[in-house]
Structure formats: C-alpha cells, structure tokens
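>>> Sequence and predicted structure below; questions after.
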Amino acid sequence: MIKKAIASSSPALRVMVAFSISLLLVAMLIAKFKGKEVNTFMIMDTRTAHNFPFVEETMETIDINETITLNFITDESGGIYYYLFEDKEILTYGSYKENNEGEEIIFGGLISGTSLQGTDYHFFSGLIDDKEIKEVSLNDQTNSIKHYHYNGYPLFYTTELVEEFVMIKGFSSENEIVYEKVYNRSE
C-alpha cells in the first residue's frame, strides 16, 4: 500500500521520501560510531602504519588527564602498540612487541612536544618482558611512574619530563636491582 502511494505520488514527494530515508540511515551510522573508543580505534587503524590489522577488542584506554588518553592495542600478529591522544589528535604512537624479542625492557620512545591545542606533553614508556622485573625506576625516581598490565605484559609510563639520557633500573619482588641500562633518546 505504501509502495503504491509513493509510486503514484509526484516526483518531488518521492525525492523527499528518499532524502528522509537517507538522513535516517546517516543518523543511525552516526549513533553507531559516536562512542569515543570506536572513533579512537578508527583513527588508529586508518591514520597510522602497522603491518597487521588491529584487533579492536584488545584496545584499552587510560585517561591521563581531562584531554589526553593513552591507548594500547594488539594487532593480529601479537604486536602491541601504544597511542597517546589529545582528544582526536595523535600526539605519538609506536610499538613494543615488534622485532624486539629477547630484550628485558622494550622502550616505547621518549617524546616531548606541544599539541595542536597548545598543550605541552611528555611521554616515556616501556614494556617489561622479563618476569623477574616487578618495578622500574627512571633516574632513581619511582613516584611519577605508573604501572599497567596489558595483554599479559606489565607496562610502565610517565608523563613527566624525562631527560635525553635515562638510567633505568628494574627491581625484583625482593627489591633487588636485576636490570640496569642507560636509555639514550637518540639511539
């Protein structure tokens, strides 16, 4: 009956009906992708290079402050990536588990900069791939380091300013030094 009414109506009415249906479909798509994590995933997946597709279900987000988030995600090969965002702007990103087998701590980079919104940021992180290391210090400081478990791996990060050369120490559960290395940003 509705088909018959539309078929017998004027061309202008048919265009309006088609336009209304199109708007409804667009509204449904916008509602589907409105969530922050979905948009963040889409940005990570489409705006950066990575060797294998990301597994969306592995994405985890940490709120650093009101506008900056740290996101972890795994690709289909098991590679672990980090992304630092300010709203929808990627501040920095990289991978931990890609061609780094055998290293006790895999570093994610030492980054400082200013976002497009004018926010100064600092970021240093690492993935601990040695079960004996339970905690780390940077230049003998532990108070600014946050620890986080992701996908079976302990990670650490700081958003405090870290100098170009960083003495990193790894401690066992008995608080003994089991790892010591100077990290150089330029290496």
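All right, it came through fine. Numbers count the residues shown, from 1 in each chain.
>>> Residue 183: neighbouring residues, count only.
Residues within reach of residue 183, counting by other CB atoms under 10 Å, total 18. C-beta coordinates here come from the backbone N, C-alpha and C atoms, glycine included.
>>> no wait, residue 73
Neighbour tally, residue 73, other CB under 10 Å: 26.
>>> Also residue 176?
Neighbours of residue 176 using other CB under 10 Å come to 9.
>>> Would you check how far apart it and residue 164 are?
In this view, residue 176 and residue 164 are 28 Å apart by CB to CB, to the nearest Å.
>>> how about the residue nearest to the spatial centre of the chain, secondary structure?
For the chain, residue 71 is the residue whose C-alpha lies nearest the centre (CA atoms, centre = their mean; 2.5 Å). Of the three states, residue 71 takes strand under DSSP: H, G, I helix; E, B strand; the rest coil.
>>> in which helix or strand would I find the closest residue to it other than its chain neighbours?
Closest residue to residue 71 apart from its sequence neighbours, by CB to CB, 6 or more residues apart in numbering: residue 83 at 4.4 Å. Using DSSP states H and E, residue 83 sits within strand 80-86.
>>> Hmm, residue 62 and the residue nearest to residue 71 touching each other?
No: counting by CB atoms under 8 Å, no contact exists between residue 83 and residue 62, whose distance comes to 10.9 Å.
>>> How much space separates residue 163 from residue 110?
9 Å.
>>> State the distance from the residue nearest to residue 71 to residue 60.
On the measure of CB to CB, residue 83 and residue 60 end up 11 Å apart.
>>> Domain map for this structure?
Annotated domains of the chain cover 2-32, 36-184 [automatic domain parsing].
>>> Tell me how many other residues crowd residue 109.
17.
>>> Next: the one 4 residues further on.
Under the neighbour criterion other CB under 10 Å, residue 113 is assigned a count of 12.
>>> surely it meets residue 121?
Yes: contact between residue 113 and residue 121 holds when scored by CB under 8 Å: they sit 6.1 Å apart.
>>> who does the strand holding residue 83 touch, helix- and strand-wise?
Strand 80-86 is packed against helix 36-47, strand 68-75, strand 89-95, strand 120-128, with contacts defined by 3 or more CB pairs under 8 Å, 6 or more residues apart in numbering; DSSP states H and E.
>>> orientation of the first one relative to strand 68-75 in degrees?
Here helix 36-47 runs at 60 degrees with respect to strand 68-75, directions being taken by axes from the mean of the first three to the mean of the last three CA atoms, to 10 degrees.
>>> Perfect, that will be all.
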